[in-house]
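In: Here is a sequence with its predicted model. Questions after.
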Amino acid sequence: MTSSDELQKLLRDTLEATPGVMDLAYRVFDHVPAKPFGPKNSYISFGAFDTIEDDADCISGIVTTAQIDVWSAKEGALECRKLTDLVRRALHHKSLSLAEHALVDTHVPLTRVFPDPSGYHHGVVQVECTIEERQE
């Protein structure tokens, strides 16, 4: 499993195991269906994953920035901001671990909430993850 695939699974599992997050969000999607809200007004999806090399002294390292998108159909931005903040708190500098690779740190340098042209509110959480990749 690639480190990016393993990281996405970890982020999804972490968010789904965080009660405050799932109290507001219907689901965490990799592929968003045509009707994603279900019985709740909000859901979470994965956006872009960007990776840069971060090698050091015989260690193969990367920094992957994962974009997590929060979507809310509720009127006003309050629910979207609340859920965006819950996602940030669930991931920022938490001791999380990967099975095949070593997750050194998770850092959330940016959160943003704005009205989307779709009529919904859109939250963005950028999570920078420093990973030591296992050599095969």
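Out: Thanks, I have the structure now. Computed from a prediction, not measured in an experiment: that's the story for all the values here.
In: contacts, neighbours, all on C-alpha from now
Out: OK.
In: Show me what stretch 37-45 is in contact with.
Out: Contacts to stretch 37-45, defined as Cα atoms under 8 Å, 6 or more residues apart in numbering, come from residues 24-32, 36, 68-74, 80.
In: Among the residues you listed, name the ones in strands.
Out: If you go by DSSP state E, those have 25, 26, 27, 28, 29, 68, 69, 70, 71, 72 in strands.
In: Dig out what the residue nearest the centre of the chain forms beta bridges with.
Out: Geometric centre of the chain, nearest residue: residue 68, 3.7 Å, by Cα atoms, centre = their mean. With DSSP bridges as the criterion, residue 68 is bridged to residue 46, residue 125.
In: low pLDDT regions in this structure?
Out: 136 (pLDDT under 70).
In: Tell me which stretches of the protein form helices.
Out: 3-16, 19-24, 78-91 (DSSP state H).
In: For the ones in strands among the contacts of stretch 37-45, which two are the farthest from each other?
Out: Spatial extent of the ones in strands among the contacts of stretch 37-45 (Cα to Cα) is set by the pair 26 and 68 at 14.7 Å.
In: hmm, back to that, comparing the helices of the chain, which comes out most buried?
Out: Highest mean neighbour count of these: helix 78-91, a mean of 21 (counted as mean count of other Cα atoms under 10 Å).
In: buried residues in the lengthiest strand in the chain?
Out: Longest strand in the chain, counting residues (DSSP E): strand 102-115. Using 16 or more other Cα atoms under 10 Å as the test for burial, strand 102-115 gives 102, 103, 104, 105, 106, 107, 108, 111, 113.
In: quick one, what contacts the fourth one?
Out: When you say that, I think you mean residue 105. 93, 94, 95, 128, 129, 130, 131.
In: Any idea what it is bridged to?
Out: Residue 105 has these beta-bridge partners by DSSP bridges: residue 130.
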